[in-house]
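Colleague: Sequence first, then the predicted structure, then my questions.
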Amino acid sequence: MQTNNSLQFDVYESDTEVAEAVSNEIIGFVNQNPNSKISFPTGSTLSKTYEILRSKAQHGKFSLENAEVFLLDEYVGLPKESKDSYLSYIIENIQKPCGLPIGSLHYPDVHSADLNQASNDYEELIAGGLDLQILGIGSNAHIGFNEPGTPFDSKTRISELTRETREANSKYFGGNVDLVPHRCLTQGLSTILSAKKIILVATGKSKAKAIAGLKEGKIDESLPASALITHGNTQLIIDEASNTVKQTNN
Ligand code: GLP
C-alpha cells in the first residue's frame, strides 16, 4: 500500500455545477484538439454533462465531427438492438446529437462468439491511443466495470459484475436486478490509465465512501479507482455531497 496522492480534486456545490465544469473541460479539450480520441462512460452521473454537450452542439458551439469516441464498457448478454446497451445510450446521447460520424464510434464486439478475441481486438484499438478518458465511479470505487480486486495491470477483458453493482444498475432495468446482465466487457485498469488525460466525475452521497478512500491516498486493489493516483494527469470533478473528507492543510 502506498500513499502518494497526485490527484487533483475540484469540488463544486451541486451536481449542476459539476456538469457545467465537466462539459467546459470537454468542450475546451475538443476545441483545442478536434481530432481527439475520447472514451465516454454511461451512467447517471454524466447525464447532465451530456445534456449540456447536446445543447452546445445544437447551437453550433460543440462538435465531435473530427473526433473518435470509444465506449468504456458494455454489458454482455443483451440482445443486439437492446435500448439498455451502453452502445445505444452513447449513440442517442453523444454520437447522433454531437455530430460524431457513426464510423468514428468504437465499441467492443460483445456479440462475438469469441469474447476473449473481441477483448484483445478492442484493447489493441485503444491502448495507448486515448487523449481523454472520462470516468464515473461506482459506490464500491469501481471504474469502468473493474470491480474491487482487479489487478492494476488488467487489460480489456470479460468481467463478472458484483451483486452490489448489479443492484445499483437495476434502476436502469425497471428496478429488477434479475434483468441486469452478470457479465460485461470493460477496458482494464491499465487500458484506462494509458489515456493522456483522465477526468473522473462523482456526484451524490452514494459515492462519498469511494471518494473518501481516494482522498486518503491509499493505492490498493480493493479500491480500483486508486489506480488513478499512479497516473499523474487525473482530475476529479465532484460535488459537495460526494466530498466528505475535510481538508486539513489549507
Ligand atoms: C457503472 C458503469 C460505470 C459508471 C459507474 C457509475 O456500473 N459501469 O462506467 O461510471 O458504474 O454509474 P452511475 O453514474 O450511474 O452512478
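Modeller: Here it is on my side, so go on.

Colleague: Show me where this structure has its helices.
Modeller: 15-32, 47-58, 86-90, 115-126, 163-169, 189-193, 208-216 (DSSP state H).

Colleague: what's the distance between residue 50 and residue 77?
Modeller: Here the distance between residue 50 and residue 77 works out to 25 Å (C-beta to C-beta, to the nearest Å). (Each C-beta comes from the backbone N, C-alpha and C, glycine too.)

Colleague: Looking at those two, which one has more neighbours?
Modeller: residue 50 (22 against 12; other C-beta atoms under 10 Å).

Colleague: Pull the contacting residues for the nearest residue to the more buried one once chain neighbours are set aside.
Modeller: Spatially, and ignoring its direct neighbours in sequence, residue 50 is nearest to residue 93 (4.6 Å; C-beta to C-beta, 6 or more residues apart in numbering). Under the criterion of C-beta atoms under 8 Å, 6 or more residues apart in numbering, the contact list for residue 93 reads 47, 50, 54.

Colleague: Next to the ligand in this structure, residues from this structure, please.
Modeller: 41-45, 72-73, 136, 138, 144-145, 165, 169 (C-beta under 6 Å from any ligand atom).

Colleague: was I right about residue 240 contacting residue 11?
Modeller: Yes. Contact status for residue 240 versus residue 11: in contact at 6.4 Å, counting by C-beta atoms under 8 Å.

Colleague: So in terms of bridging, what pairs with the closest residue to residue 14 other than its chain neighbours?
Modeller: By the measure of C-beta to C-beta, 6+ apart, the closest residue to residue 14 outside its immediate chain neighbours is residue 239, 5.9 Å from it. Residue 239 forms beta bridges with residue 12, as assigned by DSSP bridges.

Colleague: how many other residues sit next to residue 28?
Modeller: 10.

Colleague: so who does it touch?
Modeller: Neighbours of residue 28 in contact, by C-beta under 8 Å, 6+ apart: none.

Colleague: and residue 2, what pLDDT?
Modeller: As predicted, residue 2 sits at a pLDDT of 44.

Colleague: just to revisit the earlier point, how close does the residue nearest to residue 14 sit to the ligand?
Modeller: Going from residue 239 to the ligand by C-beta to the nearest ligand atom, to the nearest Å gives 12 Å.

Colleague: Provide a list of residues in contact with that residue.
Modeller: Applying C-beta under 8 Å, 6+ apart, the residues near residue 239 are 11-15, 17-18, 202-204.

Colleague: Can you lay out those residues as a markdown table showing distance to residue 104?
Modeller: Putting the contacts of residue 239 into a markdown table (distance: C-beta to C-beta, whole Å) gives the following:
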| residue | distance to residue 104 |
| --- | --- |
| 11 | 34 |
| 12 | 31 |
| 13 | 35 |
| 14 | 33 |
| 15 | 29 |
| 17 | 30 |
| 18 | 27 |
| 202 | 28 |
| 203 | 29 |
| 204 | 32 |
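
Colleague: So how do I select the buried members of the residues you listed in PyMOL?
Modeller: Selection of buried members from the contacts of residue 239 for PyMOL, criterion 16 or more other C-beta atoms under 10 Å:
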select buried, resi 11+12+15+17+18+202+203
